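[1] this one's sequence-less:
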């Protein structure tokens, strides 16, 4: 029962806010300048990229490298690449043909500002930029590790991961016969895969040994589950003004969510046990795992 | 004047058709099966990928590896990746928000068959798959060469290449004040960059020496120019039934094209001199350059 008596003096808020500022500075230096032509494209990419995200994937990549004993700076191009991929997916998901959302993080969505054509192409450019950035990691990590990271990230983003999950999500809208296994499969691919890959990819750059990779993989899967159930609950019960977008959009679109198939109480219990299992995967690791322990708790306690 | 007396017994038609069949078999084996879920996504990806393209980028990648002395098979995952990227760009360009085209290669465009949401996501999945495929080249090529290829291909596809060129192209629609340098810049980025990168990336996998890389880069730039001018001319003068799409769409959208700024005769002369310069870049190379010499001629003689 060792993990129950661990004190947590670790200050997640300061840690996350420092790292976010570092990620934002790095993104700014890696991305084409807004005044470089074609300006519209670069402005559109930057608009959504600097729209105030939690930078969760970037934080996980940096933490993955650090827990494997490396300077987290070696994972910074990867961290920025993951934020590019996440932002690309938000821009495309918000399009009229997909979720048709007008607001994201309190601001008009990309296509509302730049038009649909530029929004589609800005997403495409961010996805392309991501792989360009990952290959830059070879400056500080072995080439084989960088290629493993490209395999991890592309697999987590493609048909078996994020994009595939999004298609199934769309196909399940409005269906009454959804089972919990389908909701689980959508969420695991749509958000879980890339969250989990962010952490393991960071660790792989630092040449983490197989046993640590397994622990981090298990942590990532459970943390991703806790994250997504909480997302579903926030869409039902959250504060629209804090979240910067209307709540209730899952209900409106009759999405396949955990509360829809399990109810609110059971969903909350499942999120809590997933966060607990995520923390348990770190048993035996020392203080260097504190950020990940705190992040697992944050996943279910957050209000945005 | 050595190149003027070279006989050309080389049979481009048989060569290209054999290679296309090989590329198609490889693409079929690399792509997720149509019956694998989510089926709609995989069917949409395969629908546009197997819609009868010329496979020019794939042929160039294979030729690049071969001219550098390697078995062209080492470049097959790259060749298939380039066709995924090309197909992704066609699916997105055809969308209602961008070029709004209903026909492509004689068939309804992707969104006409699968709807806009799936078409957007199928394009995204193809772009992601491309980078997954390129990293597979490490089975037969050095890791550093594979990472160089990822840098080459992502740069040619992103804001400085294909996607950036497409944005400028959209922005220049309907403008009367277009200069030839703008048309050149759009075409160089929108099509030239990826065509040229296809060849040099194939050669890089085979560890081509710098001098050969320079020659192939120059060939690719000139060949890409010849290709694009011919494309513009075919849109004005081509046979719609052979091309499988309506002609005159550039005129309809008042696109920035070579014929618009130079007229037909001057455009044709420019295409011919570009093809000649492409062939000249290969001077001093032996019979192994015959496919590229024949391709340069094909670029301006083709009718589809």
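    Right, received. Where do you want to start? Predicted, not measured: the structure shown is a model, and the values here were computed from it. Numbering: from 1, shown residues only, chains lettered A, B, ... in the order given.
[2] Hmm, residue A:168 is touching residue A:186, no?
    Yes - counting by Cβ atoms under 8 Å, residue A:168 touches residue A:186, with 5.1 Å between them. Every residue, glycine included, has its C-beta placed from N, CA and C.
[3] Please say which of the two ends up with more neighbours.
    Per other Cβ atoms under 10 Å in any protein chain shown, whichever of residue A:168 and residue A:186 has more neighbours is residue A:186, with 26 against 18.
[4] Now do the SS call for the more buried one.
    At residue A:186 the chain is in helix, as set by DSSP: H, G, I helix; E, B strand; the rest coil.
[5] from memory it sits against residue A:260, does it?
    No - if you go by Cβ under 8 Å, residue A:186 and residue A:260 don't touch, sitting 11.5 Å apart.
[6] all strands for the stretch 51-200 of chain A, in order.
    A:103-104, A:107-108 (DSSP state E, counting those that start in this stretch).
[7] Poorly predicted segments of the stretch 201-304 of chain A, please.
    By pLDDT under 70, the stretch 201-304 of chain A has no low-scoring segment.
[8] redo that, cut-off 90
    Low-confidence segments of the stretch 201-304 of chain A (pLDDT under 90): A:236-253, A:302-304.
[9] lowest-confidence stretch among the strands of the stretch 51-200 of chain A?
    Ranked by mean pLDDT, the strands of the stretch 51-200 of chain A bottom out at strand A:103-104, with a mean of 92.
[10] what ranges do the helices span in the stretch 151-300 of chain A?
    Ranges of helices in the stretch 151-300 of chain A, per DSSP state H, counting those that start in this stretch, are A:162-172, A:180-187, A:193-205, A:210-237, A:240-243, A:249-252, A:258-262, A:264-280, A:290-301.
[11] Now do the same contact list for residue A:116.
    A:95-96, B:97 (Cβ atoms under 8 Å, 6 or more residues apart in numbering or on different chains).
[12] same thing but at 6 Å, please
    residue B:97 (Cβ atoms under 6 Å, 6 or more residues apart in numbering or on different chains).
[13] what's the answer for residue A:76, then?
    By Cβ under 6 Å, 6+ apart, the contact set of residue A:76 is residue A:26.
[14] Looking at it now. What's its pLDDT?
    Listed pLDDT for residue A:76 reads 98.
[15] Deepest in the core, which of the strands of the stretch 51-200 of chain A is it.
    Ranked by mean neighbour count, those are led by strand A:103-104 with a mean of 18 (mean count of other Cβ atoms under 10 Å in any protein chain shown).
[16] For that strand, name the packing helices and strands.
    The criterion is 3 or more Cβ pairs under 6 Å, 6 or more residues apart in numbering or on different chains; DSSP states H and E, and there are no helices or strands that strand A:103-104 contacts.
[17] Now do the same contact list for residue A:288.
    By Cβ under 6 Å, 6+ apart, the contact list for residue A:288 reads residue A:67.
[18] Apart from its chain neighbours, what residue comes closest to the residue of the stretch 201-304 of chain A at minimum distance from chain B?
    Proximity of the stretch 201-304 of chain A to chain B (Cβ to the nearest Cβ) peaks at residue A:253, 12.2 Å away. Leaving aside its sequence neighbours, residue A:253 sits nearest to residue A:173 (Cβ to Cβ, 6 or more residues apart in numbering or on different chains; 5.5 Å).
[19] for the one you found, what are its contacts?
    With Cβ under 6 Å, 6+ apart, residue A:173 has these contacts: A:253-255.
[20] Buried ones among those?
    A:253, A:255 (16 or more other Cβ atoms under 10 Å in any protein chain shown).
[21] Of the contacts of residue A:173, which belong to strands?
    Among the contacts of residue A:173, no member falls in strands (DSSP state E).
[22] What pLDDT does the model give the residue nearest to residue A:95 when sequence neighbours are not counted?
    Nearest non-adjacent residue to residue A:95, counting by Cβ to Cβ, 6+ apart: residue A:111, 5.8 Å away. The model reports residue A:111 with a pLDDT of 98.
[23] hang on, residue A:111 packs against residue A:120?
    No - with contacts counted by Cβ atoms under 6 Å, residue A:111 stays clear of residue A:120, the gap being 8.0 Å.
[24] The two - which one has more neighbours?
    Using other Cβ under 10 Å, the more surrounded residue of residue A:111 and residue A:120 is residue A:120, with 29 against 25.
[25] just the helices in the stretch 1-150 of chain A please.
    Assigned by DSSP H, counting those that start in this stretch, the stretch 1-150 of chain A shows helices spanning A:2-5, A:12-30, A:39-49, A:56-67, A:76-94, A:110-114, A:116-136, A:143-157.
[26] worst average pLDDT in the ones you listed?
    Lowest mean pLDDT of these: helix A:2-5, a mean of 45.
[27] near chain B, which residues of the stretch 1-150 of chain A?
    Contacts of the stretch 1-150 of chain A with chain B, taken as Cβ under 6 Å from any Cβ of the partner chain, map to A:32, A:38, A:41, A:92, A:97-98, A:116-117, A:120-121, A:124-125, A:127-129, A:131-132, A:135, A:138, A:143-144, A:147, A:150.
[28] Once you drop chain neighbours, what's closest to residue A:61?
    Nearest to residue A:61 is residue A:202, by Cβ to Cβ, 6+ apart, at 3.7 Å.
[29] residues touching the one you found, list them.
    Residue A:202 makes contact with A:61, A:64-65, A:75 under the criterion Cβ under 6 Å, 6+ apart.
[30] Quick one: distance of stretch A:68-83 to the chain centre.
    14 Å (Cα atoms, centre = their mean, to the nearest Å).
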